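Colleague: Task: produce atomic coordinates for the following.
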Amino acid sequence: MGRALERPHLARSQQRAPQRLCLALARLGPTFIKFGQALSLRRDLLPDEYVEALQSLQENIAPFPAGDAIREIEHGLGRSIQELFARFDQKPLAAASIAQVHTAELHDGRQVIVKVRRIGIKAQIDRDMRALFMLARAAVTLRPGLKHYQPTRIVEEIWSNLKKEIDFRQEARNIKRFVTAFSGSPTIDIPNVVDDLICETVIVQERSSGRRIDDPTIKSDGPRLAQNFVDAYLHQIFVLGVFHGDPHPGNIFITAEGKICLHDFGLVGFLDLATRRKLAAFTNAFIHEDADWLLDAAIDLGVLGGKMNRTNMRRGLSEILADYAAIPLKDWSLADAFLRVMRLGQAQNVLMPYELVVLMRAMFNAEHAVRTLDPEFALLDSLQEKGPKVLQTAMAETDWQSALDRLRQDSLIAAHDLPAILASWTRRLNQEGEGLGLSVRLQGLDGLEAHIDRSSNRVALALVTLGLYIAGSLLMQHSIGPRLYGEVPALAAVAHGLALWFTFRLARGITRSGRL
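Modeller: Numbers count the residues shown, from 1 in each chain. Prediction:
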């Protein structure tokens, strides 16, 4: 009881530090606000109280004059404001550290929003981030222990992504990807960009409106919307390989038609097919509560390091799974499990790949959105039901023809280079001093040299056999040379015949030795 009474004072002291950090960043200006928001992604490095404080960091930035916005629009798009719009509202709809948004109407009657970048923000970001980078280097020099957190790498990563975020052409490409992916969707709506009204500093997008996901009037439709939202994110992550990275309530609303509308595509994550497969393995291991499978999946993803005490790590994963087994299924959180597994690897100096950092941010926000729509939604049940079908769709979209073309090309190169490689390898084996010949004699191992000699001969013969199979297949496919009985290419038949004979010799030799 005594310790319990002492905790509140300690908690208040701890809570003030994150708030002081946010206040300092806000006072330093737009670049540092964006830096703090980007740093809030790093749950692999920061305690939860700092992450929450940085995520709530508000961009209370005064809007810049409408005249500056109009000049930037006219300069970027190359036409006067009257030529571009039938109506342009000079009072901004919203203002932030990088840009501000105005509403407008095109000459064809479409209602749009116009996002304009702040003048000089690019140079300011480069200047401030360069200073931050130098500060990070100095900090590592003065405190070598900070090298564990790789501060210079984190600053470079945030700098690189800020450069992408302030280039509105990249955001326009992101929007188009999602518009194409969800074209005709009965559940998801993505407002499109206006193609000829895009440049580095300006982007014009069709305007859409609706109710926030925490609006009480949509509560009765919450379960349907929650399921549609989960389906959309499963499709983004496992099928498209590109996902909206910041689905917080301010970036989601429900249209009058009952569709889920996503906007603000400044933060988007990308996952290649290999990463998606590894993520699917991690998800399945979590669902099946298999600690060994979860450990292997986490290593494959790069969340945990490969060199570790597997027994201790497996014990830690088992404890995580045991904690989840004791709570209702509706309270299971894949994002929280992912974070807890990731934090097991902190002692190994494992820094999460950036795309997985963005994914974790998206997962936390997406789960929050789902529970806002339907507090009783059982995410685990949905993953078990929908997951296999989504993964099957993802695998079906693999470009098998491209993979086969690559295999054919690589096989042709291997068949062409194999004789020269074997000749060089054989010559080096017969030369002393090349690192491959050993002149060591050990008592009691008189038969070792003969055994190595036989083994090397078998390896060489196996390589020659493989080359003959490949060459025969290529000759058969391209019908090169004379034919036997007018059907089978003779050279292909000879290559396959020799390959089969060598295969028989290898099999017989291995069988006689009694060793595989």
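
Colleague: List the residues that contact Val193.
Modeller: When contacts are counted by CB atoms under 8 Å, 6 or more residues apart in numbering, Val193 touches 172, 175-176, 179, 203-206. The C-beta positions use only the backbone N, C-alpha and C, and glycine is treated the same way.

Colleague: Is Gly269 located within a strand, as I assumed?
Modeller: Yes - Gly269 sits within a strand when classified using DSSP: H, G, I helix; E, B strand; the rest coil.

Colleague: Isn't it up against Val358?
Modeller: Yes - with contact defined as CB atoms under 8 Å, Gly269 reaches Val358; the gap is 3.8 Å.

Colleague: May I see the buried residues of the strand or helix carrying Val494?
Modeller: Element membership of Val494, judged by DSSP states H and E, is helix 490-513. Within helix 490-513, the residues scored as buried using 16 or more other CB atoms under 10 Å are 491-496, 498-499, 502-503.

Colleague: cool, and stretch 301-316?
Modeller: By 16+ other CB under 10 Å, the buried positions in stretch 301-316 come out as 301-304, 308, 313, 316.

Colleague: and if you look at stretch 87-98?
Modeller: For stretch 87-98, the neighbour count (16+ other CB under 10 Å) marks 88, 92, 95-98 as buried.

Colleague: Specify the residue ranges that define each domain of the chain.
Modeller: 16-59+123-163, 66-121+165-231, 268-396, 400-432+447-513 (automatic domain parsing).

Colleague: Nearest to Cys261, out of those?
Modeller: Closest approach to Cys261 among those (CB to CB): domain 66-121+165-231, 4.5 Å.

Colleague: what's the span of that closest one, first residue to last?
Modeller: Domain 66-121+165-231 has an end-to-end distance of 41 Å (criterion: CA to CA, to the nearest Å).

Colleague: so how far is that domain off the chain centroid?
Modeller: 25 Å (CA atoms, centre = their mean, to the nearest Å).

Colleague: Identify the residues contacting stretch 155-173?
Modeller: Contacts with stretch 155-173, where a contact means CB under 8 Å, 6+ apart, come from 31, 34-35, 38-39, 98-99, 115, 117, 121-122, 125, 129, 132-133, 136, 193, 198-203, 265-267, 354.

Colleague: out of the residues you listed, which are buried?
Modeller: Applying 16+ other CB under 10 Å to these flags 31, 34-35, 38-39, 98-99, 115, 117, 121-122, 125, 129, 132-133, 136, 193, 198-199, 201-203, 265-267, 354 as buried.

Colleague: mind saving the C-alpha coords of stretch 242-250 as PDB?
Modeller: Extracted in PDB, the C-alpha atoms of stretch 242-250 (Å, rounded to 0.1, in the frame of the first residue of the first chain):
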ATOM      1  CA  VAL A 242       0.600  -0.400 -50.400                       C
ATOM      2  CA  PHE A 243      -1.400   1.000 -47.500                       C
ATOM      3  CA  HIS A 244      -2.600   4.200 -46.000                       C
ATOM      4  CA  GLY A 245      -0.100   4.800 -43.200                       C
ATOM      5  CA  ASP A 246      -2.100   7.200 -40.900                       C
ATOM      6  CA  PRO A 247      -5.800   6.100 -40.600                       C
ATOM      7  CA  HIS A 248      -6.600   8.200 -37.600                       C
ATOM      8  CA  PRO A 249     -10.200   9.500 -37.100                       C
ATOM      9  CA  GLY A 250      -9.300  12.800 -38.700                       C
END
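
Colleague: can you list residues touching both of Gly269 and Val358?
Modeller: Common neighbours of Gly269 and Val358, using CB under 8 Å, 6+ apart, are Gly245.

Colleague: Show the contacting residues for Arg310.
Modeller: Applying CB under 8 Å, 6+ apart, we find Arg310 in contact with Leu295.

Colleague: What segments of the stretch 251-400 of the chain are helices?
Modeller: Remark: helices assigned in the stretch 251-400 of the chain by DSSP state H, counting those that start in this stretch are 273-287, 291-301, 310-325, 334-344, 354-373, 379-396, 400-429.

Colleague: coming back round to it: how far is the helix holding Val494 from where the chain is centred?
Modeller: Worked out by CA atoms, centre = their mean, helix 490-513 lies 46 Å from the chain centre.

Colleague: Can you list the neighbours in contact with stretch 218-225?
Modeller: Identification of contacts with stretch 218-225 by CB under 8 Å, 6+ apart yields 211, 213, 254, 258, 260, 373-374, 376-377.

Colleague: go with 6 Å
Modeller: Contact with stretch 218-225 is made by 211, 254, 373-374, as judged by CB atoms under 6 Å, 6 or more residues apart in numbering.

Colleague: Including pLDDT, neighbour count and distance to Ile154, could the residues you listed go into TSV?
Modeller: Putting the contacts of stretch 218-225 into TSV (pLDDT from 0 to 100; neighbours: other CB atoms under 10 Å; distance: CB to CB, whole Å) gives the following:
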residue	pLDDT	neighbour count	distance to Ile154
Arg211	91	14	38
Ile254	93	21	36
Leu373	91	25	34
Asp374	90	19	36
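
Colleague: which one of these is nearest Gly245?
Modeller: For these, the closest approach to Gly245 (CB to CB) belongs to Leu373, at 19.4 Å.

Colleague: and the gap between that closest one and Ile213?
Modeller: 6 Å (CB to CB, to the nearest Å).

Colleague: Then Ile203?
Modeller: Per CB to CB, Ile203 is found 24 Å from Ile213.

Colleague: Ala99 too?
Modeller: Using CB to CB, we find Ala99 at a distance of 24 Å from Ile213.

Colleague: so Leu197 sits in a helix?
Modeller: No - counting by three-state DSSP, Leu197 is not part of a helix but strand.

Colleague: Relative to Ala281, which of the buried residues of stretch 301-316 is nearest.
Modeller: Checking the buried residues of stretch 301-316 against Ala281 with CB to CB, the nearest one is Leu301 at 8.3 Å.

Colleague: Spatially nearest residue to the closest one, not counting backbone neighbours?
Modeller: Nearest residue to Leu301 in three dimensions, chain neighbours excluded: Lys278, at 4.8 Å (CB to CB, 6 or more residues apart in numbering).

Colleague: do the same with Glu105
Modeller: Closest to Glu105 by CB to CB, 6+ apart is Arg87, at 4.2 Å.

Colleague: What of Thr103?
Modeller: Spatially, and ignoring its direct neighbours in sequence, Thr103 is nearest to Asp89 (4.7 Å; CB to CB, 6+ apart).

Colleague: Report pLDDT for the one you found.
Modeller: Looking at Asp89, its pLDDT is 94.

Colleague: Going forward, the N-terminal residue is numbered 9.
Modeller: Let's use 9 as the start, then, which means that last one is Asp97.

Colleague: Give me the distance between it and Ile221.
Modeller: The gap separating Asp97 from Ile221 is 26 Å, by CB to CB.

Colleague: and if you look at Val311?
Modeller: Taken as CB to CB, the span from Val311 to Ile221 is 30 Å.

Colleague: what's the answer for Leu506, then?
Modeller: From Leu506 to Ile221 the distance is 69 Å (CB to CB).

Colleague: re the thing from before, where is pLDDT lowest across the buried residues of stretch 309-324?
Modeller: pLDDT across these is lowest for Met316, at 71.

Colleague: Quick check: that residue vs Leu325, distance?
Modeller: From Met316 to Leu325 the distance is 11 Å (CB to CB).

Colleague: now do Pro427
Modeller: Distance, Pro427 to Leu325, using CB to CB: 50 Å.

Colleague: between these two, which one's more packed in?
Modeller: Neighbours per residue (other CB atoms under 10 Å) separate Pro427 from Leu325, with Leu325 holding more: 25 against 12.

Colleague: so what's the nearest residue to the more buried one once chain neighbours are set aside up against?
Modeller: Distance criterion CB to CB, 6+ apart; nearest residue to Leu325, sequence neighbours excluded, is Ala299 at 4.4 Å. Residues near Ala299 by CB under 6 Å, 6+ apart: 322, 325-326, 329.
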